[in-house]
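*Asks:* Coordinates only, no sequence provided:
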């Protein structure tokens with residue numbers, strides 16, 4: 001008789017695993033389809049941020065959750081602005097940032113790509129929003145102190161990051177295609193179009 005009950009439990013567990021796997025595949029499918037739509041993804045995330053801010057404002061609490069969320073986002077931002085291979089830590093054989101004008105151009109490769117940055121921030125706001133429904137996470141704190149501490153931490157961290165960017169001469173943003181003025185002199189001497 002024990003075999004019959006165990007067989008039913010294993011069948012139910014297998015069915016549950018199958019449903020979980022199907023849901024995971026469906027979620028991954030929609031996540032993959034959203035990859036090229038960066039603007040729409042970020043708009044959705046900002047809507048989520050706005051809903052979270054409204055929730056915290058109306059509840060008048062959960063400041064420690066917001067502080068932890070801010071620290072996590074700061075950590076993600078550092079990864080987003082940092083190169084994959086940090087020239088300060090160790091030189092490697094892979095792509096590195098050029099340090100001299102005569103060095104070959106190598107594209108900036110992020111330690112944390114934009115999609116993973118967006119996904120982590122969106123998940124963090126979803127988790128923080130979920131946490132605001134449980135009073136055990138509403139620790140009473142004096143929020144202006146947390147805000148001041150976070151602002152000081154942000155300024156010091158960004159100062160260090162900007163100094164690193166200046167030292168190793170890289171910009172972590174794509175500002176469009178560069179335009180060079182080297183061909184202007186050649187174009188002005190050729191005056192007339194070709195006569196074939």
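*Replies:* Noted; the coordinates are in hand. Computed from a predicted model, the values in this text were never measured in an experiment. Numbers count the residues shown, from 1 in each chain.
*Asks:* residue ranges with poor pLDDT in this structure?
*Replies:* 1-6, 90-106, 174-196 (pLDDT under 70).
*Asks:* ok, now which ones touch the residue nearest the centre of it?
*Replies:* Note on the chain: the residue nearest the mean C-alpha position is residue 117, at 1.5 Å, using Cα atoms, centre = their mean. Contact partners of residue 117, counting by Cβ atoms under 8 Å, 6 or more residues apart in numbering, are 76-77, 79-80. Every C-beta, even on glycine, is put in place using the N, C-alpha and C of the backbone.
*Asks:* Among these, which are located in helices?
*Replies:* Mapping those onto helices (DSSP state H) picks out 76-77, 79-80.
*Asks:* May I see the ChimeraX selection of the buried members of those?
*Replies:* This is how ChimeraX selects the buried members of these, with burial counted by 16 or more other Cβ atoms under 10 Å:
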select :76,77,80
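*Asks:* what's the spacing between residue 42 and residue 73?
*Replies:* 14 Å (Cβ to Cβ, to the nearest Å).
*Asks:* can you count the residues close to the residue nearest to residue 42 when sequence neighbours are not counted?
*Replies:* Closest residue in space to residue 42, ignoring its immediate chain neighbours: residue 118 at 6.6 Å, by Cβ to Cβ, 6 or more residues apart in numbering. Using other Cβ atoms under 10 Å, residue 118 has 19 neighbouring residues.
*Asks:* Pull out the buried residues from whichever strand or helix holds residue 118.
*Replies:* Using DSSP states H and E, residue 118 sits within helix 114-131. Applying a neighbour-count criterion of 16+ other Cβ under 10 Å, one finds 117-122, 124-125, 128-129, 131 buried in helix 114-131.
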